[in-house]
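Q: Pasting the sequence and the predicted model now:
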Amino acid sequence: MTVAQESSTPVTRALLEEFVRALLAEEIYDEVTGVAVFADGSPCAVCTNAARRTADTFGGVVMGYWAAGNPTAQTGERYGDGHDFAVVADRWVVDYFALTTVDLLESAVLDLRDPVDRRLVSQLLGDRATWEVGT
């Protein structure tokens, strides 16, 4: 059961942004490895790590794509072979990596019901037909 389900609280932008702030506060820079990690030791710059935590907490899914198959995505090949992010309640796209690692967003939370956010999702994450459920 997820946090949102346990409390019967609907998932909102504010709730997701609070979660993102908690992830930001959790980051610890490891001077030995030169890598920022979450409290569980997973690297913050690996997009799948925050996506999985978000999806698990809010009952969402990790979605992703291979950069070569999604050339219109801004978070494409220049950042790696592919990209993962969370989708919650078939409405919210949460992309911690785009916010923190590559600095492409002012907020990690985008609302697919909002026309401005939908355009941002299209620009950053490209063609939705190329998205696949991640692991």
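A: Everything's here; your move. Residues are numbered from 1 along each chain as shown.
Q: Can you tell me how far the most centrally placed residue in the chain is from V46?
A: The centroid of the chain falls nearest to D95 when counting by Cα atoms, centre = their mean (2.5 Å). Separation of D95 from V46 (Cβ to Cβ, to the nearest Å) stands at 13 Å. The C-beta positions use only the backbone N, C-alpha and C, and glycine is treated the same way.
Q: show me the contacts for Y96.
A: V20, L23, C44, C47, A50, A51, T54, F85, A108 (Cβ atoms under 8 Å, 6 or more residues apart in numbering).
Q: actually S107, sorry about that
A: E17, V20, L99.
Q: contacting residues around stretch 116-134?
A: Stretch 116-134 has contacts (Cβ under 8 Å, 6+ apart) with 48, 51-52, 61-66, 69-76, 83-85, 93, 95, 98, 104-105, 110-112.
Q: Could I get the average pLDDT for that stretch?
A: Regarding stretch 116-134, the rounded mean pLDDT is 95.
Q: Please apply the same query to stretch 16-32.
A: Taken as a whole, stretch 16-32 carries a mean pLDDT of 95.
Q: residue ranges for the helices of the protein, please.
A: Secondary structure of the chain (DSSP state H): helices located at 3-7, 13-26, 47-58, 96-100, 115-125.
Q: nearest to A39, of those helices?
A: Nearest to A39, of all those, is helix 13-26, at 5.0 Å by Cβ to Cβ.
Q: Quick check: buried residues in the closest one?
A: Neighbour counts over helix 13-26 (16 or more other Cβ atoms under 10 Å) mark L15, L16, F19, V20, L23 as buried.
Q: Tell me which other helices or strands it touches.
A: Here helix 13-26 touches helix 47-58, strand 92-94, helix 96-100, strand 109-111, going by 3 or more Cβ pairs under 8 Å, 6 or more residues apart in numbering; DSSP states H and E.
Q: Contacts for it, please.
A: With contacts defined as Cβ under 8 Å, 6+ apart, helix 13-26 is touched by 4, 9, 38-39, 44, 50, 53-54, 57-58, 88, 92, 94, 96, 99-100, 107-109, 111.
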